[in-house]
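Student: Sequence and predicted structure below; questions after.
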Amino acid sequence: MYHLVKGIYSNLTRKEEYSVLVLGLDNAGKTTFLEKLKSEYSDSKKSLPPERIAPTVGQNVGYITFEKTHLRLWDLGGQENLRTLWESYYNDAHGIVFVVDSSDRKRLEECKRALEIIITNEDVEGLPILMLANKQDREDRLEVEDIKEIFNKIAERMSARDSRVLPISALSGDGLKDAVEWLTTRLVRNKQNRPPTLK
Ligand code: G3D
Ligand code: MG
């Protein structure tokens with residue numbers, strides 16, 4: 001009886017969890033984005049203040065809960081020599097967030113190439129992809145419309161899948177809620193193709 005009740009209880013309390021990869025060039029703001037998310041949506045609300053964030057070597061993992069959807073976010077190092085490691089995470093991922101530094105015009109080409117490499121990988125097929133035009137608080141930023149235009153050509157190749165470009169400031173938190181809302185809706189919608197992990 002104990003085991004039966006315990007079984008039923010753990011079935012009822014099991015959590016569905018989605019894994020999201022936070023990718024983008026180094027210095028795009030991936031770690032700042034993850035820490036800001038943690039400070040607003042994780043249970044413990046523990047996060048690093050911006051001045052303590054160092055360049056990421058390896059990975060940071062953060063858990064957040066947004067309107068009953070549980071996300072495990074992987075912030076992977078973005079330096080060129082670390083990008084080849086991203087591939088090994090694709091199979092277990094449910095969605096991708098690609099962070100762009102809107103104020104870094106010089107690296108937009110590199111950024112496009114990095115995104116192209118991701119979306120042409122067959123393990124990523126069908127996954128929702130959210131592109132974040134970050135650092136929108138900076139005066140020298142490109143507007144989100146300009147970023148959209150640049151990435152539209154790539155997005156055309158993602159025909160059947162959900163993709164979106166949204167403006168944010170990971171530093172101030174502006175746009176964060178819209179981003180998480182868009183993402184969680186798409187992850188749940190894509191549940192049949194990539195079922196969440198049960199915890
Ligand atoms: P990464 O993890 O993608 O490599 P980081 O990037 O999160 O380490 O951020 C790189 C730098 O960009 C940091 O500045 C960080 O404060 C800054 N940054 C991140 N997001 C924003 C944003 O929305 N607005 C502004 N203005 N700056 C941002 P430092 O000076 O510490 O290198
Ligand atoms: Mg980092």
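Tutor: That came in fine, so what should we check first? Ligands and ions are numbered 1, 2, ... in the order given.
Student: Give the burial count for Gln192, as a bare number.
Tutor: Using other CB atoms under 10 Å, Gln192 has 6 neighbouring residues. Heads up, the C-betas are built off the backbone N, CA and C, glycines and all.
Student: which bits of the protein sit near ligand 1?
Tutor: Contact residues, the chain versus ligand 1 (CB under 6 Å from any ligand atom): 24, 26-32, 50, 53, 55-56, 78, 134-135, 137-138, 169-171.
Student: Narrow those to those that are buried.
Tutor: 24, 26, 28-32, 53, 56, 78, 134-135, 169-171 (16 or more other CB atoms under 10 Å).
Student: Mind checking which of those land in helices?
Tutor: Lys30, Thr31, Thr32 (DSSP state H).
Student: Just give me the closest of those to ligand 2.
Tutor: Thr31 (3.3 Å; CB to the ion).
Student: pLDDT value on the residue lying closest to Ser42 once chain neighbours are set aside, please?
Tutor: Nearest residue to Ser42, sequence neighbours excluded (CB to CB, 6 or more residues apart in numbering): Ile64, at 4.9 Å. Looking at Ile64, its pLDDT stands at 95.
Student: how much space between the most centrally placed residue in the chain and ligand 1?
Tutor: Geometric centre of the chain, nearest residue: Val97, 2.9 Å, by CA atoms, centre = their mean. Distance of Val97 to ligand 1, computed by CB to the nearest ligand atom, to the nearest Å: 11 Å.
Student: Can you verify my assumption that Thr65 contacts Lys38?
Tutor: No. Counting by CB atoms under 8 Å, Thr65 sits too far from Lys38 to count as a contact (10.9 Å).
Student: Tell me which of those two has more neighbours.
Tutor: A count of neighbours by other CB under 10 Å puts Lys38 above the other of Thr65 and Lys38, at 20 against 14.
Student: May I ask which of the buried ones among the residues of the chain next to ligand 1 comes out lowest in pLDDT?
Tutor: Thr56 (65).
Student: ok, now which ones touch the residue nearest to Ser42?
Tutor: Leu37, Lys38, Glu40, Tyr41, Ser42, His70, Leu71, Leu73, Val180 (CB atoms under 8 Å, 6 or more residues apart in numbering).
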